[in-house]
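In: Following is a predicted model, sequence given first.
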Amino acid sequence: MIMRYADPFDTLFAFQQALENRQLSDWLGSSTAGMGSYPPINVFQQGDDLVAIIELPGVNKAEINIQAKGDTIRIAGRKSIDYPEDVSLHRRERLSGAFDRTLVVPMQIEPDAIKAEYNNGLLALFIPRAEQDKPRTIQIR
Amino acid sequence: MPGQQELQVQQKREVEKAQEATRPMRAFLPNTDIFETEDTLTLVLEMPGVDRENIDLNVENGVLTVEGRIDFKKYEGLQPVYSEYNVGPYRRSFRISGMIDQDKITAELSDGVITLVLPKAERAKPRRIAIG
């Protein structure tokens, strides 16, 4: 299903609802190392492949470490926040610290072909599905 | 020790509306740090996924409003299968007093974090008072 509406606000609302509906999804089952751990992940399907979009605002690209093996992807790193000296803090909502999270996808993937992009605080992982795992159309003779 | 703890997920908080909305769309509050030096007030807002051209900054009646829109075209053709956070525009307003020189506010965006530097007006800066 591809959502296409004339009104961009409708598109947005439909998208927000679709995300909401997936929030209780058991798609990852108990296979991810702790739902609710940092950073938060959204997973999308794009054709046969998966796209994981991870919110990591304010993290230096060089401090993000991504490893993949088998069906497991590990995202680790550190988010540091530096305040200038001699300031008085009025409000502090942003959190800093180390993170380490693994994502186990419930399908066979090509770990060597995963591509990662970091833009505007979003980390996008393009995860190709393994060739042997793709569905095949079977002809009836 | 600060900075050493394991990071926790911060659930997005929705913008509380002063008026009734006519659209069902949701907007979220960006996590914000505010700190002050002798000469400036600095606001640091996290708005992941917002492009530079989709940020609006506005000062009206002493209220600074920061808005960041999400370009939903980037999500076209993507079908959600699993989700831990919602996506939507960010909005937050701050009342800034007369102590800010409103014409000299600067903004910078980097890695989804926008930093606003609000210089204090000359008369609002602290003064050392000499004892005569």
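Out: Ah, there it is. Residues are numbered from 1 along each chain as shown, chains lettered A, B, ... in the order given.
In: Which residue is it, in chain A, that comes closest to chain B?
Out: For chain A and chain B, the shortest gap (Cβ to the nearest Cβ) falls at A:Gly121, measuring 1.8 Å. Using the backbone N, CA and C atoms, a C-beta is placed for each residue, glycine as well.
In: Could you measure from that residue over to B:Ser110?
Out: Look at A:Gly121 and B:Ser110: by Cβ to Cβ, to the nearest Å, they are 9 Å apart.
In: Then B:Gly88?
Out: Plainly put, B:Gly88 is 22 Å away from B:Ser110 if you go by Cβ to Cβ.
In: cool, A:Pro84 as well?
Out: A:Pro84 is 16 Å from B:Ser110, where distance means Cβ to Cβ.
In: Have a look at those two and say which one is more surrounded.
Out: B:Ser110 (13 against 9; other Cβ atoms under 10 Å in any protein chain shown).
In: Just give me the residue closest to the centre of chain B.
Out: When Cα atoms, centre = their mean is applied to chain B, the residue found nearest the centroid is B:Leu45 (3.7 Å).
In: which residues touch that residue?
Out: Residues counted as contacts of B:Leu45 (Cβ atoms under 8 Å, 6 or more residues apart in numbering or on different chains) are B:Pro30, B:Asn31, B:Thr32, B:Val66, B:Tyr90, B:Arg92, B:Val113, B:Ile114, B:Thr115, B:Leu116.
In: If we use 7 Å, what do you get?
Out: Taking Cβ atoms under 7 Å, 6 or more residues apart in numbering or on different chains, we find B:Leu45 in contact with B:Pro30, B:Thr32, B:Val66, B:Arg92, B:Ile114.
In: do B:Glu14 as well
Out: Applying Cβ under 7 Å, 6+ apart, we find B:Glu14 in contact with B:Arg26, B:Phe28.
In: which neighbours does the worst-scoring helix or strand of chain B on mean pLDDT have in its sheet, and in what orientation?
Out: None of the helices or strands of chain B scores lower by mean pLDDT, DSSP states H and E than strand B:79-83, at a mean of 90. Strand B:79-83 sits in its sheet next to strand A:41-46 (antiparallel), going by DSSP bridges.
In: Direction included, what does the helix or strand just after the strand it pairs with pair against?
Out: With elements assigned by DSSP states H and E, the helix or strand that comes after strand A:41-46 is strand A:49-55. Its sheet considered, strand A:49-55 pairs with strand A:41-46 (antiparallel), strand A:122-127 (antiparallel) by DSSP bridges.
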